[in-house]
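**Q** Generate coordinates for the sequence data below:
(2 chains)
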There are 2 protein chains.
Amino acid sequence: MLDNFFANMPPANTDAEQFITLLAEPGLRVERIVSTGQSSPPGFWYEQAEAEWILLLQGDAGLRFEDESTARHLIPGTFLDIAPGRRHRVEWTASDQSTIWLAIHRTPSTG
Amino acid sequence: MLDNFFANMPPANTDAEQFITLLAEPGLRVERIVSTGQSSPPGFWYEQAEAEWILLLQGDAGLRFEDESTARHLIPGTFLDIAPGRRHRVEWTASDQSTIWLAIHRTPSTG
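**A** As a prediction, this is how the structure comes out:
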């Protein structure tokens, strides 16, 4: 378990993004994501059943929604909510530093 | 509405803490809190029905739980979850800079 949000950062040359769950309970999951230059594969779109609120805290990224013509440029402090089913992809993340995201995933209640 | 998490910071000499809701939906509220040297009044304890996950992102603070003998020193990156009903108080926040918190409040479902 992480003892500080900014601890245990992956090395700069790490191949895969790193995902660490910080809080998990029914319907809710808070996650730290660290990207080191990754992007979504060509033609790939995320399409999630969960709503996902994201806050970019370090680095930068290009986030493209399928229903928008160009990628949004996310910088430190950018936050936005991705509605369930809204198709999106990460066009790029910073190559010269780690990009750190906080993500809050909410699963629709099935009660 | 805030368009960046680090925007619209209150002036350093602001009397009261600033609270801005970033996301609100049934059972969940995400909030930015900015402290400018405030602390809880002497003898005051927070005792909340909601669970509150907090992440300190800038500045520092002393957070005291009633069931612990000394305050915890929170620095950038410190995160912790405050269980419903667990009495706590803010002993101090940084006086030389703003202290920025992200708080995730979860209300027990009443469904």
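**Q** Just the pLDDT for the closest residue to residue A:31 other than its chain neighbours.
**A** Using C-beta to C-beta, 6 or more residues apart in numbering or on different chains and skipping residues adjacent in sequence, the residue nearest residue A:31 is residue A:103, 4.6 Å away. C-beta coordinates here come from the backbone N, C-alpha and C atoms, glycine included. Among the per-residue scores, residue A:103 shows a pLDDT of 98.
**Q** State the number of residues packed around residue A:103.
**A** The number of residues packed around residue A:103, counting by other C-beta atoms under 10 Å in any protein chain shown, is 18.
**Q** which residues touch it?
**A** Under the criterion of C-beta atoms under 8 Å, 6 or more residues apart in numbering or on different chains, the contact list for residue A:103 reads A:30, A:31, A:32, A:33, A:52, A:53, A:54, A:55.
**Q** Among those, which lie within strands?
**A** Among these, the members falling in strands are A:30, A:31, A:32, A:33, A:52, A:53, A:54, A:55 (criterion: DSSP state E).
**Q** ok, what's across the strand from the last one?
**A** Read it as residue A:55. residue A:79, residue A:102 (DSSP bridges).
**Q** what do you get for the first one?
**A** Under DSSP bridges, the beta-bridge partners of residue A:30 are residue A:23, residue A:104.
**Q** tell me which element residue A:85 falls in.
**A** Using DSSP states H and E, residue A:85 maps to neither a helix nor a strand.
**Q** Could the C-alpha coordinates of stretch A:81-95 be exported in CSV?
**A** Only the C-alpha atoms of stretch A:81-95 are listed here, as CSV (Å, rounded to 0.1, in the frame of the first residue of the first chain):
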residue,chain,number,x,y,z
ASP,A,81,-15.9,13.6,-15.7
ILE,A,82,-16.1,10.9,-18.3
ALA,A,83,-19.7,9.6,-18.5
PRO,A,84,-20.3,5.9,-18.7
GLY,A,85,-20.1,4.7,-22.3
ARG,A,86,-18.6,7.9,-23.6
ARG,A,87,-15.8,6.7,-26.0
HIS,A,88,-12.4,8.2,-25.4
ARG,A,89,-8.8,7.5,-25.9
VAL,A,90,-5.5,8.9,-24.7
GLU,A,91,-3.7,10.3,-27.8
TRP,A,92,-0.5,10.9,-25.9
THR,A,93,1.1,11.5,-22.5
ALA,A,94,4.3,13.5,-21.7
SER,A,95,7.5,11.8,-22.8
